[in-house]
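[1] Sequence first, then the predicted structure:
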Amino acid sequence: MSALTVTHSRRQFKFRWSRFFIYLVLIISVVFFLVPIYLLLITSFKSYQEVNMANMWNFPLKLSLESFKYAWFGSETGGYRGLSGNFVNSLILVIPASLTSAIVGSLNGYVFSKWKFKGSDAIFSLMLFGMFIPYQSILIPLVQVLQWISTFTNPIIHAIQGSTVISGSHTFMYWLGELIPGYGTIGGLIMVHVIYGLPIATLTFRNYYAGISRELIEAGMIDGDGFLGLYRHILFPISMPGFVVVLIWQFTSIWNDFLFGIIVTSDPNVQPITVALNNLAGSYIVEWNVQMAGALLSSLPTLLVYIFLSQYFIRGLMAGSLKG
Amino acid sequence: MHLNQKYRLYSILLIAPSVLAILVFVYGFIAFTGVASFINWTKMKIDFTFVGFNNYIRLFQTERFLIDLRNTLTFTVLFLLITIVIGLLLAILVDQNIKGESLFRNIFLFPMAFSFIVTGVVWRWLLAPGNEITGALGVNLIFEKIGLGFLANGWYTDPRIGIRAVVIAAVWQYAGYIMALYLAGIRGIPVEIVEAARVDGASEINVYRHIILPLVRPITLSAVIILGHISLKIFDLVVSMTGPGTGFSTDVPAFFMYDTTFRGNRFAEGSAIAIILLLLVAILVVPYLINSSKVEVER
């Protein structure tokens, strides 16, 4: 009887130690993960007067939005550009690019899952390889081809941007022009992101539709749906989760892309936010607090997506792992 | 039958634009880069004079490229090892019925929402070593304050550390992702298997060693592929955090390729670097792709 009590209490003792270590390691990890965020937040809320190297880890005495103002609008006396214009560029890039990629991916997924033909699996595997290539291996011809496309589209862009058909529509005409593909235009970047996003978008939808039973399709055929009707009436209405996953995945990866941005666009007025942030942070005249405020501002959209749609975000990450 | 044939035609028409785009923009472009790596294209204007392997030979005689290859190797080995160990450890810990599990999970995962540029900018500030004028900065300042001043060092500015400092930032960004992969794997193991082992008297450590770890091995393979291909082509993080560094101590092939091609206009050499990068990634990815498509067929 007493022996039993001893073992019991011993067990509990051991149990508690292991619990203690579990929480200890977890909390140390949390510190590692949060320290950069802490520094990012406190530095960006400090005013210029408060950015003192010896106190860099201290909480700001007064919350100041000054750094955000400089990071967003730039500073004429400081001689650097703000990120506001590039933030808008990234929005204008990311929305059409993610939408197009999701729609095309979903149509491809429909064929690769529900209308397999001889060789379709092989074609699909060939497409998948595009997901893994280092983009360095396509950049040189990409620039050449975009420049070649520009020889046709530049006159159109100039015509659109120079025209005042609709009075007071300068900004509208400007953006309309920017959306046309070419070297150095947002439209060019959209095209590039849509094409290189095809493999992952197709893969996600193919796996999603593979889980939908063949009988649904057959029922639709009996109801007289044609090839596209089946997609529109049967698959599309239940595709929302797939769309959300692909849209979020494409949104974050396009928003966070730097390589295509820096290769395809050289005009600071057209460059996406990552390129502009790198320029801002890379210039030695810009104070740390402005750099951190810029980093925070440029992460806001993806952070919001992560905070409010984290389950879909995680599902997208899983899809990206080729599992399933 | 007739309908099926019609639908097959529609299917092919529907995917044709995408397949064509991939054929041109992936396979065609790779072929172009391959050709470009064998010609004498050293200025803006393209020159198709065939020079054989000269561009590759020259590369392997360039000190910067050799340093880059060594840096990539160091970075890849450390990044994979540390990220996978931390990711697996966190997954196991998070799986222990802990309080506030979802909070822990979210904290570990959310660096994934940042771009490499942001990560680089923040870690450059964190690991800024400071100098005589500013005094110790960042992490060094913390080390000094808590009496661990001997740990303070030059981080990415010290050529002996170089690329290893960048590994810290990359691990920070990806460890949570790997945790999520492992966690999904561990949670996917049928409870009965684990319970049966426990009933048979296996200790917790043995349950992990003999049951759970072998069952999550495919996830380790995925993790190696995912992290490996990120690591081989790493560019953004290096650009924003350190640049090439003193004596190219933080330089990587992707950065060299960018410099050579788009700043130096030596397109042929840039193409050769790109092809080497592609081969490195292919060695990693192609066996995996072939294997997973075989599994698909068996299914």
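    Here it is on my side, so go on.
[2] Setting aside sequence neighbours, what's the nearest residue to A:L235?
    Leaving out its chain neighbours, the residue that sits closest to A:L235 by Cβ to Cβ, 6 or more residues apart in numbering or on different chains is A:Y110, at 5.8 Å. Bear in mind the C-beta positions are built from the backbone N, C-alpha and C, glycine included.
[3] Could you count how many residues lie near the one you found?
    By the other Cβ atoms under 10 Å in any protein chain shown criterion, the neighbourhood of A:Y110 contains 26 residues.
[4] what do you get for A:S120?
    Using other Cβ under 10 Å as the criterion, A:S120 is surrounded by 17 other residues.
[5] ok, now A:M240?
    9.
[6] which residues does it contact?
    Shown here is A:M240, which makes no contacts under the criterion Cβ atoms under 8 Å, 6 or more residues apart in numbering or on different chains.
[7] That one and A:V246: what is the separation?
    The spacing between A:M240 and A:V246, counted by Cβ to Cβ, to the nearest Å, is 11 Å.
[8] go on, B:D236?
    Taken as Cβ to Cβ, the span from B:D236 to A:V246 is 23 Å.
[9] Between the two, which is the more surrounded one?
    Just comparing B:D236 and A:V246: by other Cβ under 10 Å the higher neighbour count belongs to A:V246, 30 against 24.
[10] At which residues are the helices of chain A located?
    A:2-44, A:66-73, A:84-114, A:120-129, A:136-162, A:170-178, A:186-210, A:214-222, A:227-230, A:240-256, A:259-264, A:273-282, A:288-308, A:310-320 (DSSP state H).
[11] List the buried residues for the second one?
    Using 16 or more other Cβ atoms under 10 Å in any protein chain shown as the burial criterion, the residues of helix A:66-73 that qualify are A:E66, A:S67, A:F68, A:Y70, A:A71, A:W72.
[12] What is the neighbour count of the nearest residue to A:L296 once chain neighbours are set aside?
    By the measure of Cβ to Cβ, 6+ apart, the closest residue to A:L296 outside its immediate chain neighbours is A:S44, 5.0 Å from it. Here the count is done by other Cβ under 10 Å, and A:S44 has 24 residues near it.
[13] measure A:S44 to chain B for me?
    When distance is defined by Cβ to the nearest Cβ, to the nearest Å, A:S44 is 10 Å away from chain B.
[14] That residue reaches A:A293, doesn't it?
    Yes: under the criterion of Cβ atoms under 8 Å, A:S44 is in contact with A:A293, at a separation of 3.9 Å.
[15] neighbours of the residue in the stretch 1-150 of chain B that chain A sits nearest to, just the number please.
    Per Cβ to the nearest Cβ, the residue of the stretch 1-150 of chain B with the smallest distance to chain A is B:S115, at 3.4 Å. In terms of burial, B:S115 registers 26 neighbours under the definition other Cβ under 10 Å.
[16] wait, what's in contact with the nearest residue to it once chain neighbours are set aside?
    Once flanking residues are discounted, B:S115 sits nearest to A:N256: 3.4 Å by Cβ to Cβ, 6+ apart. Under the criterion of Cβ under 8 Å, 6+ apart, the contact list for A:N256 reads A:T274, A:T302, B:F114, B:S115, B:F116, B:I117.
[17] possible to save the helices of chain A as JSON lines with mean pLDDT?
    Conversion of the helices of chain A to JSON lines gives the following (pLDDT from 0 to 100):
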{"stretch": "helix A:2-44", "mean pLDDT": "77"}
{"stretch": "helix A:66-73", "mean pLDDT": "93"}
{"stretch": "helix A:84-114", "mean pLDDT": "95"}
{"stretch": "helix A:120-129", "mean pLDDT": "90"}
{"stretch": "helix A:136-162", "mean pLDDT": "92"}
{"stretch": "helix A:170-178", "mean pLDDT": "83"}
{"stretch": "helix A:186-210", "mean pLDDT": "94"}
{"stretch": "helix A:214-222", "mean pLDDT": "88"}
{"stretch": "helix A:227-230", "mean pLDDT": "90"}
{"stretch": "helix A:240-256", "mean pLDDT": "92"}
{"stretch": "helix A:259-264", "mean pLDDT": "96"}
{"stretch": "helix A:273-282", "mean pLDDT": "93"}
{"stretch": "helix A:288-308", "mean pLDDT": "93"}
{"stretch": "helix A:310-320", "mean pLDDT": "74"}
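[18] how about the ones you listed, which one is nearest B:V166?
    Comparing these against B:V166 with Cβ to Cβ, the closest turns out to be helix A:2-44 (13.9 Å).
[19] Identify the residues contacting B:V26.
    Neighbouring residues of B:V26 by Cβ under 8 Å, 6+ apart: A:F129, A:G130, A:I133, A:I138.
[20] spatially speaking, which residue is in the middle of the chain?
    Just so you know, I chose chain A. The geometric centre of chain A, computed from its C-alpha atoms, lies nearest to A:T252 (Cα atoms, centre = their mean), at 1.4 Å.
[21] Wait, chain B was what I had in mind.
    Per Cα atoms, centre = their mean, the C-alpha nearest to the average position across chain B is that of B:I230, at 2.2 Å.
[22] any idea how far chain A is from that residue?
    Between B:I230 and chain A the distance is 10 Å, computed by Cβ to the nearest Cβ.
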